[in-house]
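J.: Have a look at this prediction, sequence included:
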Amino acid sequence: MKTLEDLKALREKLKGDIKVRQKQGTKIIIGMGTCCIAAGAREVMSAVLDELAVRKLNDVQVQQTGCIGMCEKEVLLDVIRPDEPRITYGNVKPADVKRIIADHVVNGRIIEDLVVGKIEQEG
Amino acid sequence: MREIALHILDLIQNSIAASAKKVFLDVNEDEEGYFVFRICDDGKGMNADLLQKIRDPFVTTRLTRDVGLGIPFIAMSTEQSGGHLTIRSKEGVGTTIEAAFLRDHLDRPPLGDLAATIRVILVTNPELQFIVRYRYGNNCFEFDSLAVKEMLGDEIDFSFPEVYLWLDAYLKQEISKVRNDQEAT
Ligand code: FES
């Protein structure tokens, strides 16, 4: 049974994590335009959230973006590791999420067969 | 869209794109034979011209606007299920959308995973005040993200894994409680 009272305990528990999160961590960005959602973006994002929680990757930020005009390649998921190029994965299914997080987010190995775009970051 | 909860997610993206700070979502499983949901935001709103155009799929795609594309879909879905879609909007004040489906119509999509929709919205928009009311018969569940944030304090928000895991479990529990209580009567 979950209640709002649980949050008090969570607040105490999480105090120690706050400092860790202030570092600039890796970002995961998922397209949430209309067709992205129809193609399963919510399920992909839910899988990302659950996997990050399982692996306790508290410093990875999850963000959303609108339609980027690549509707035929949905679901789109970008990974940006600090000081590395922004990698866009396409046709991502919830089943691909574990691999993206283990290989790329954690170990820095790009999964070439899912890549649809690469942007070098400036500066 | 396969689920009404996905339409809701899509429509709330429009509210967020319109810089809403506060979104109210009301879902009623049975309002005199209709399944009804309403989304009310305090975003920048639309003028009469845009309000009219937004329902037209060709206009919205030709302008290649990244918002509002889902409106023709939800309009079609409500109409196919013997319902209606009403949009009211005022520039500088906000937008209110009401979608109604005949509850027992064969073409009415299922509500789907409302908890997942709420969680995704709050994790990616931790600053948003999101108020949700889910009703079924005389049973009702109300949620206000502000109340949760007050419990958590300034430094902790919905983007923390422990918080969003709690949120998911809590929402699922409360939504199914409302359903079970209603179905038991
Ligand atoms: S709606 Fe998904 S990229 Fe266009």
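T.: Great, that's in hand. Here the structure is a predicted model, which means the values were calculated and not measured. Numbering: from 1, shown residues only, chains lettered A, B, ... in the order given.

J.: Would you tell me which residues of chain A are close to chain B?
T.: A:1-4, A:6-8, A:10-11, A:13-15, A:17-18, A:32-35, A:37-38, A:42-43, A:45-46, A:49, A:52-53, A:56-58, A:61-64, A:66-67, A:69 (CB under 8 Å from any CB of the partner chain). Using the backbone N, CA and C atoms, a C-beta is placed for each residue, glycine as well.

J.: where do the strands sit along chain A?
T.: Counting by DSSP state E, chain A has strands at residues A:27-31, A:61-65, A:77-80, A:86-89, A:115-119.

J.: Between the ones you listed, which one is closest to residue B:89.
T.: Closest approach to residue B:89 among the strands of chain A (CB to CB): strand A:61-65, 23.1 Å.

J.: buried set for the closest one?
T.: Neighbour-count burial for strand A:61-65, counted by 16 or more other CB atoms under 10 Å in any protein chain shown, picks out A:61-64.

J.: Paired strands for it, with orientation please.
T.: strand A:27-31 (parallel) (DSSP bridges).

J.: quick one: contacts for the residue nearest to residue A:63 when sequence neighbours are not counted?
T.: Distances taken as CB to CB, 6 or more residues apart in numbering or on different chains put residue A:29 closest to residue A:63, at 4.7 Å, once the chain neighbours are dropped. For residue A:29, the contact set (CB atoms under 8 Å, 6 or more residues apart in numbering or on different chains) comprises A:62-65, A:77-78, A:80.

J.: Tell me the spacing between residue A:98 and the ligand.
T.: 23 Å (CB to the nearest ligand atom, to the nearest Å).

J.: Next one: residue 52, what pLDDT does it get?
T.: Went with chain A since none was named. Looking at residue A:52, its pLDDT is 96.

J.: wrong one, chain B
T.: For residue B:52, pLDDT reads 82.

J.: circling back: want to throw the buried residues of strand A:61-65 into TSV with distance to the ligand and pLDDT?
T.: Listed next are the buried residues of strand A:61-65 as TSV, based on distance: CB to the nearest ligand atom, whole Å; pLDDT from 0 to 100:
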residue	distance to the ligand	pLDDT
A:61	20	93
A:62	17	96
A:63	15	95
A:64	11	95
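
J.: Need the strands of chain A in a markdown table (columns: distance to residue B:5).
T.: Shown next, in a markdown table, are the strands of chain A (distance: least, CB to CB, whole Å):
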| stretch | distance to residue B:5 |
| --- | --- |
| strand A:27-31 | 17 |
| strand A:61-65 | 16 |
| strand A:77-80 | 21 |
| strand A:86-89 | 25 |
| strand A:115-119 | 28 |
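
J.: Relative to residue B:88, which of these is closest?
T.: strand A:61-65 (26.3 Å).

J.: Leaving out the residues flanking it, which one is nearest to the residue of chain A found nearest the ligand?
T.: Ranked by CB to the nearest ligand atom, the top residue of chain A for proximity to the ligand is residue A:33, at 2.7 Å. Excluding the flanking residues, the one nearest residue A:33 by CB to CB, 6+ apart is residue A:67, at 3.2 Å.

J.: Tell me the helix or strand right after the strand or helix carrying residue B:38.
T.: Here residue B:38 sits within strand B:34-41, counting by DSSP states H and E. As assigned by DSSP H and E, the chain's next helix or strand after strand B:34-41 is helix B:48-53.

J.: That following helix and chain A in contact?
T.: No - counting by CB under 8 Å from any CB, chain A is not contacted by helix B:48-53; separation bottoms out at 16.0 Å.

J.: Please save the CA atoms from that helix in CSV.
T.: In CSV, the C-alpha atoms belonging to helix B:48-53 read as follows (Å, rounded to 0.1, in the frame of the first residue of the first chain):
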residue,chain,number,x,y,z
ALA,B,48,-10.2,32.2,-33.4
ASP,B,49,-8.5,31.7,-36.7
LEU,B,50,-6.0,29.1,-35.4
LEU,B,51,-8.8,27.5,-33.3
GLN,B,52,-10.7,26.8,-36.5
LYS,B,53,-7.7,25.6,-38.5
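
J.: buried residues in it?
T.: B:50-51, B:53.

J.: Mind putting these into CSV with distance to residue A:105?
T.: As requested, the buried residues of helix B:48-53 are exported to CSV (distance: CB to CB, whole Å):
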residue, distance to residue A:105
B:50, 40
B:51, 42
B:53, 41
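
J.: which among these gets closest to the ligand?
T.: Nearest to the ligand among the buried residues of helix B:48-53, with distances taken as CB to the nearest ligand atom, is residue B:53, at 18.9 Å.

J.: ok, which residues in chain A are in contact with the ligand?
T.: A:31, A:33-36, A:67-71, A:74, A:76 (CB under 6 Å from any ligand atom).

J.: which of these count as buried?
T.: For these, buried by 16+ other CB under 10 Å: A:31, A:33-36, A:67-68, A:70-71, A:74, A:76.
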